[in-house]
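J.: turn this into a model:
(2 chains)
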Amino acid sequence: MGKQPETPLGNLLEETEQQQYSRKQIHTWTRLRKSPSAMIGLTIILLLVFIALMANYIAPQGYNDQDLRKGLFAPSRVFPLGTDELGRDLLSRIIYGSRISLEVAILVTFISAATGVSLGAIAGFYGGRIDTIIQGAVDISWAFPTVLLAIFLVAVLGPSLASVMLAIGLGYWGGFERVVRGQILSLREQEFVLAARALGAKNSRIMFLHLLPNCIAPVIVMATLMLADAILIEATLSFLGMGAQPPTPSWGSILSGGRSYLRLAPWVTIFPGLAIMFTVLGFNLLGDGLRDTLDPRLRNL
Amino acid sequence: MTSYLLKRFLFAIPVLLLMAFLVFSALHFAGGDPLTLLLGPGASPEVREATRARLGLDKPLLVQFGIYMSHVLRADFGQSIISKSEVSELILQKLPITAELGAAAFSLSYLLGIPLGVIAAVNHRKLLDWFTMVLALIGVSMAGFWLGLVLMYIFGATLKWLPPTGHGGIKYLILPALALGLPRVGQIARISRSSVLEVFHQDYIRTARAKGLQERVVVIKHALRNALIPIISLMGLDLGYVIGGSVVIESVFARPGIGFLMLKSIYSRDFPVLQGCMFVLAVAIILSNILADIAYVIVDPRIRH
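T.: As a prediction, this is how the structure comes out:
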């Protein structure tokens, strides 16, 4: 800030922009509260986060407490969701599984959003050859379905949650890049940016103070919807044996263990699937609600 | 149009080459020593050297890639390390099984999704509309493989109406196609709905109604054709989804298609098979994208490239 010319006009511009911004935030929250689906989604997510954080206290048993005499028990008062083939309490495994789902989804979403936003900002702001290269990378990363990408990465790196995260991340950063680049391209030449430049603002100041704040809304919407997809893909890949390895209680790997006993013990398959569905539904509901309040233009995506 | 098509095809070649090279080099470094795999750990150094030279494994990576691609152009993907059979034969044998599932699921999801979306749009803000939106949300939130297992439990294991696993006639196709297609129905309906709703606000629809045309004619002849444009671009994306999803669904139902083959070859480290399948699927995805673009131009003459 030291060298920044402190002109009265500069202060004025800055203040009004900040004021507008905070007013917009309050406005968004009141509108979001009126959307029943967004509130249902938010409730599901908060409940899930609570369960994941408190898993140690909530779960009746550990996630790997085996008792072979109690294998494949049907749901009962002692085992509310039944047990798996090793006599492990399914409810406890699903509760611990919420940690893995959330951890993987949040981490991979954060990384791909950060990558996509930075590259999108660079591509949109500087244009030229660097823009062409980044767009080419996006096109190629979009050409392959995530499952194929994961098969390839698992063949090279071996099955693990890290390979799964890499596959999801590589498939999704391009969405953030596109949105941010488009936004910056359309704002770059607008009057408030030209005014800031005329007042002597440096590139970094224009980027962080004037351009990127305008990308926050679509990025939040995309990130929420990506969390939903990430949970679904992680479960799918762990189900195929490419992600979490036993005895890690990922919802996908619990399902994968249950499929051999589908006829005998359908609960081992049904309950983790329901857990996946409610979680993903929660993020989708919240994401849709956020999109409608924050950025109605994205409605058809 | 012809020059546009030519450009699209020409552009696809470097993309394909780049992908093939990425796959080739990554598997090259990850694959471990192919000589040990071929000859066993006990082979003498002389035999190893001779085999290395005979197979061209002593040449630089780029040259090896060139040799591989020259074989690929003649539809020769090498031999499976495990079964010793020709990879191209394996693929030809498995591809129809996957294509059958993909085509069935794809048609199912659009034959259900588009009418549902149109019905929802015509009944905007009524019960049917709301029902479609809920269906769409549940569909995108459900894991396809889980739906497959649930269908298998209900119709295969409990009611015994359909065979739970395997491959054969149409009976074996129904459950996997439902598992792969149903989760997409809601999303397709949702996009069809918003697309029809948007068209309904256009002037030419008002004109058609003002002319006194029946509502059925307005919807089918005037609205639907224009509303199809976003749906076709969705179809292009969905072909990729179907290819990825069939890998998962084939594994659930033990259908011996390409996806099943690929999953097996990861764990047996049968890289020639994996590489061949990857290449064929990449070609399929690129071709389907071009196809979607062509369909786009045919439906919407306003688009000129």
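
J.: report whether stretch A:66-74 contacts chain B.
T.: No - judged by CB under 8 Å from any CB of the partner chain, stretch A:66-74 stays clear of chain B, getting no closer than 14.4 Å. Heads up, the C-betas are built off the backbone N, CA and C, glycines and all.

J.: for that stretch, which positions count as buried?
T.: A:Gln66, A:Lys70, A:Gly71, A:Leu72, A:Phe73 (16 or more other CB atoms under 10 Å in any protein chain shown).

J.: export these to JSON lines and tack on secondary structure, pLDDT and distance to B:Met152?
T.: As requested, the buried residues of stretch A:66-74 are arranged in JSON lines below (DSSP: H, G, I helix; E, B strand; the rest coil; pLDDT from 0 to 100; distance: CB to CB, whole Å):
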{"residue": "A:Gln66", "secondary structure": "coil", "pLDDT": "79", "distance to B:Met152": "27"}
{"residue": "A:Lys70", "secondary structure": "helix", "pLDDT": "77", "distance to B:Met152": "26"}
{"residue": "A:Gly71", "secondary structure": "coil", "pLDDT": "73", "distance to B:Met152": "22"}
{"residue": "A:Leu72", "secondary structure": "coil", "pLDDT": "75", "distance to B:Met152": "18"}
{"residue": "A:Phe73", "secondary structure": "coil", "pLDDT": "77", "distance to B:Met152": "22"}
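
J.: between those residues, which sits nearest chain B?
T.: A:Leu72 (14.7 Å; CB to the nearest CB).

J.: and the closest one, how far is that from A:Thr43?
T.: 33 Å (CB to CB, to the nearest Å).

J.: so what's A:Phe283 closest to, chain neighbours aside?
T.: A:Ala228 (3.7 Å; CB to CB, 6 or more residues apart in numbering or on different chains).

J.: count the neighbours of the residue of the stretch 201-305 of chain B with the smallest separation from chain A for me.
T.: Per CB to the nearest CB, B:Gly244 is where the stretch 201-305 of chain B lies closest to chain A, at 2.9 Å. When neighbours are counted by other CB atoms under 10 Å in any protein chain shown, B:Gly244 registers 23.

J.: centre-most residue in chain A?
T.: A:Leu227 (2.5 Å; CA atoms, centre = their mean).

J.: wait, a helix at that one?
T.: Yes - assessed with DSSP: H, G, I helix; E, B strand; the rest coil, A:Leu227 lies in a helix.

J.: so how far is B:Pro14 from it?
T.: Taking CB to CB, one finds A:Leu227 at 35 Å from B:Pro14.

J.: what residues does the stretch 51-200 of chain B put near chain A?
T.: Counting by CB under 8 Å from any CB, the residues of the stretch 51-200 of chain B that sit close to chain A are B:137-138, B:140-146, B:149-150, B:152-153, B:157, B:191, B:194-195.

J.: hang on, the earlier thing: quick one: the residue nearest to A:Phe283 and A:Gly287 touch, right?
T.: Yes - using CB atoms under 8 Å, A:Ala228 makes contact with A:Gly287 at a distance of 6.5 Å.

J.: returning to what we had before: export the buried residues of stretch A:66-74 as JSON lines, with columns for distance to A:Arg99.
T.: Shown next, in JSON lines, are the buried residues of stretch A:66-74 (distance: CB to CB, whole Å):
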{"residue": "A:Gln66", "distance to A:Arg99": "20"}
{"residue": "A:Lys70", "distance to A:Arg99": "24"}
{"residue": "A:Gly71", "distance to A:Arg99": "25"}
{"residue": "A:Leu72", "distance to A:Arg99": "25"}
{"residue": "A:Phe73", "distance to A:Arg99": "24"}
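
J.: please determine how far A:Phe176 is located from B:Ile97.
T.: 37 Å.

J.: okay, those two: which has more neighbours?
T.: A:Phe176 (26 against 21).

J.: what sits closest to A:Val193 if chain neighbours are left out?
T.: Closest to A:Val193 by CB to CB, 6+ apart is A:His210, at 5.6 Å.

J.: so where's the stretch 201-301 of chain A shaky on pLDDT?
T.: A:295-301 (pLDDT under 70).

J.: which stretches in it count as helices?
T.: In the stretch 201-301 of chain A, the segments counted as helices under DSSP state H, counting those that start in this stretch are A:203-205, A:216-239, A:251-258, A:267-294.

J.: repeat that for the stretch 101-250 of chain B.
T.: Going by DSSP H, counting those that start in this stretch, the stretch 101-250 of chain B shows helices at B:127-141, B:144-151, B:170-200, B:203-210, B:215-217, B:224-253.

J.: right, and these - which one's nearest B:Ile81?
T.: Comparison of the helices of the stretch 101-250 of chain B against B:Ile81 by CB to CB identifies helix B:224-253 as nearest, at 20.6 Å.

J.: nearest to chain B: which residue in the stretch 201-301 of chain A?
T.: Taking CB to the nearest CB, the stretch 201-301 of chain A has A:Gly273 as its residue nearest chain B, at 3.6 Å.

J.: give me every residue that touches the residue nearest to A:Val193.
T.: Under the criterion of CB atoms under 8 Å, 6 or more residues apart in numbering or on different chains, the neighbours of A:His210 are A:Glu17, A:Leu187, A:Phe192, A:Val193, A:Ala196, A:Ala201.

J.: ok, now B:Met19?
T.: Contacts of B:Met19 by CB under 8 Å, 6+ apart are A:Ile140, A:Ala143, A:Phe144, B:Ala282.

J.: buried residues in the helix or strand hosting it?
T.: Secondary structure assignment for B:Met19, by DSSP states H and E: helix B:2-30. Under the neighbour-count criterion of 16+ other CB under 10 Å, helix B:2-30 has B:Ala12, B:Leu16, B:Met19, B:Ala20, B:Val23, B:Phe24, B:Ala26, B:Leu27, B:His28 buried.

J.: over to stretch A:27-35?
T.: Quick answer for stretch A:27-35 (16+ other CB under 10 Å): A:Leu32, A:Ser35.

J.: average model confidence for it?
T.: Mean pLDDT, stretch A:27-35: 79.

J.: who touches that stretch?
T.: Outside stretch A:27-35, the residues touching it (CB under 8 Å, 6+ apart) are A:Ala38, A:Met39, A:Gly289, A:Leu290, A:Asp292, A:Thr293, A:Leu294.

J.: CA atoms of it as CSV?
T.: Coordinates of each C-alpha in stretch A:27-35 appear next as CSV, following Å, rounded to 0.1, in the frame of the first residue of the first chain:
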residue,chain,number,x,y,z
HIS,A,27,-29.1,-9.3,0.7
THR,A,28,-27.9,-12.7,-0.5
TRP,A,29,-28.4,-14.3,3.0
THR,A,30,-31.9,-13.0,3.3
ARG,A,31,-32.8,-14.3,-0.1
LEU,A,32,-31.1,-17.6,0.5
ARG,A,33,-33.1,-18.1,3.7
LYS,A,34,-36.3,-17.8,1.8
SER,A,35,-35.3,-20.7,-0.4
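
J.: show me how far it is from its chain's centre.
T.: Mean C-alpha position of stretch A:27-35 versus that of the full chain (CA atoms, centre = their mean, to the nearest Å) differs by 21 Å.

J.: one more: stretch B:3-22?
T.: With CA atoms, centre = their mean, you get 18 Å for stretch B:3-22.
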